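Student: For reference, the sequence and a predicted model appear below.
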Amino acid sequence: MKNKGKVRQPLRWLGIGLLCTVLLFTLVPRIKTIVELSERKQALLEQKAELEKEQQALQLELEQADSPENIERIAREQLGMVRPGEQPLIPVLSR
């Protein structure tokens with residue numbers, strides 16, 4: 001009987017070692033994938049926050065662009081328009 005116990009003990013350790021090896025090869029790649037995905041998620045959340053800030057700035061700029069004062073400024077500066085009774089200023093280019 002003592003002989004059977006001595007034979008089973010190495011087999012038990014071999015089985016435990018084999019089980020640990022299988023778990024190691026199946027779990028490590030999955031854990032690595034989870035860590036990589038977590039890092040990617042964090043980077044995407046940071047990018048999202050930056051894009052939301054940029055969107056707010058552009059929305060504010062758009063709202064200001066539709067104001068009558070801004071439309072008048074663009075008309076005067078870029079299109080050379082003047083109000084009735086005003087004298088237009090014509091820039092003189094020197095050579």
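Tutor: That came in fine, so what should we check first? Numbering: from 1, shown residues only.
Student: Neighbours of residue 76, how many?
Tutor: Each residue near residue 76 was counted by other C-beta atoms under 10 Å, and the total is 15. The C-beta positions use only the backbone N, C-alpha and C, and glycine is treated the same way.
Student: how about it, what does it touch?
Tutor: Applying C-beta atoms under 8 Å, 6 or more residues apart in numbering, one finds that residue 76 lies in contact with residue 82.
Student: Any figure for the gap between it and residue 85?
Tutor: In this structure, residue 76 lies at 14 Å from residue 85, with C-beta to C-beta, to the nearest Å as the measure.
Student: residue contacts, residue 58?
Tutor: The neighbours of residue 58, taking C-beta under 8 Å, 6+ apart as the test, come to nothing; the list is empty.
Student: does it sit in a helix or strand, and which one?
Tutor: helix 2-65 (DSSP states H and E).
Student: how far is the following helix or strand past that helix from where the chain is centred?
Tutor: Per DSSP H and E, helix 2-65 leads on to helix 68-79 as the next helix or strand towards the C-terminus. Between the mean C-alpha point of helix 68-79 and the mean C-alpha point of its chain there is a distance of 37 Å (C-alpha atoms, centre = their mean, to the nearest Å).
Student: average pLDDT for helix 68-79?
Tutor: For helix 68-79, the mean per-residue pLDDT is 82.
Student: what angle separates that helix from helix 2-65?
Tutor: Our comparison of helix 68-79 with helix 2-65, counting by axes from the mean of the first three to the mean of the last three C-alpha atoms, to 10 degrees, yields an angle of 80 degrees.
Student: buried set for helix 68-79?
Tutor: Along helix 68-79, no position meets the burial threshold by neighbour count (16 or more other C-beta atoms under 10 Å).
Student: Extract the CA atoms of that helix and return them as PDB.
Tutor: This file holds the C-alpha atoms of helix 68-79, laid out as PDB (Å, rounded to 0.1, in the frame of the first residue of the first chain):
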ATOM      1  CA  PRO A  68     -24.900  90.600 -37.400                       C
ATOM      2  CA  GLU A  69     -21.700  92.400 -36.200                       C
ATOM      3  CA  ASN A  70     -19.600  89.600 -37.600                       C
ATOM      4  CA  ILE A  71     -21.400  89.500 -40.900                       C
ATOM      5  CA  GLU A  72     -20.900  93.300 -41.200                       C
ATOM      6  CA  ARG A  73     -17.200  93.000 -40.300                       C
ATOM      7  CA  ILE A  74     -16.700  90.300 -43.000                       C
ATOM      8  CA  ALA A  75     -18.700  92.400 -45.600                       C
ATOM      9  CA  ARG A  76     -16.500  95.500 -44.900                       C
ATOM     10  CA  GLU A  77     -13.100  93.700 -44.600                       C
ATOM     11  CA  GLN A  78     -13.300  91.100 -47.300                       C
ATOM     12  CA  LEU A  79     -16.000  92.400 -49.700                       C
END
